[in-house]
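Engineer: Pasting a predicted model and its sequence here:
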Amino acid sequence: MKPVVAADVDPRTKPSNYPEPFASRMRGRVKRQLGDVFGLTNFGVNLTTLDAGAVSALQHRHSLQDEFVFVLEGEVTLIMGDVVETLGPGSCIGFPAGGASHHLENRGTDPAVYLEVGDRTEGDAVSYPADDLQAAKGAKGWVFTHKDGTPY
């Protein structure tokens with residue numbers, strides 16, 4: 001293994017794992033999968049850039065996976081349940097499994113950059129309170145369905 005410059009890691013080739021119409025809502029989000037560069041399998045690390053107006057994800061919560069975000073540059077707005085708070089460089093927040101639903105938005109005019117860290121627990125389920133979507137993590141990755149269980 002050799003160290004890398006995080007910003008030099010190629011962006012993820014598929015901008016979003018969400019099915020349409022949700023994937024297109026992730027325009028302006030670029031993820032560099034740093035954990036994958038080093039073959040990490042127990043947790044993932046992404047260097048994520050949100051352009052002005054972009055969002056990190058749909059409002060969501062994990063059943064088994066913890067998440068952690070550390071803001072490096074710019075500002076993001078945290079939406080977590082009823083909480084709306086601005087996070088700037090040096091700010092961080094963790095999202096325990098089963099906790100409040102959350103996502104980040106870049107409501108500013110400049111790009112925002114942050115590290116996101118999450119474990120890769122198989123069997124995790126994700127709920128999306130504002131959208132007709134649910135996800136389950138299996139051995140081959142995420143499977144997305146409507147809330148009634150029908151596939152996309």
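Structural biologist: Happy to help now that I have it. None of these values were measured; they are calculated from a predicted model.
Engineer: Spatially nearest residue to residue 11, not counting backbone neighbours?
Structural biologist: Excluding the flanking residues, the one nearest residue 11 by CB to CB, 6 or more residues apart in numbering is residue 30, at 4.8 Å. All C-beta atoms are positioned from the backbone trio N, CA, C, and that covers glycine.
Engineer: what about that neighbour, is that helix, strand or coil?
Structural biologist: strand (DSSP: H, G, I helix; E, B strand; the rest coil).
Engineer: Can you read off the pLDDT for it?
Structural biologist: Residue-level confidence at residue 30 comes out at 98, pLDDT.
Engineer: Same check on residue 2?
Structural biologist: pLDDT recorded at residue 2 is 95.
Engineer: do the same with residue 100
Structural biologist: At residue 100, pLDDT is 96.
Engineer: Can you show me the helices along this structure?
Structural biologist: Along the chain, counting by DSSP state H, helices occupy 34-37.
Engineer: what sits against the residue nearest to residue 11?
Structural biologist: By CB atoms under 8 Å, 6 or more residues apart in numbering, residue 30 lies in contact with 11-12, 15, 48-49, 51.
Engineer: Mind picking the one among these that's closest to residue 95?
Structural biologist: residue 48 (14.5 Å; CB to CB).
Engineer: nearest residue to that closest one other than its sequence neighbours?
Structural biologist: Leaving aside its sequence neighbours, residue 48 sits nearest to residue 31 (CB to CB, 6+ apart; 5.1 Å).
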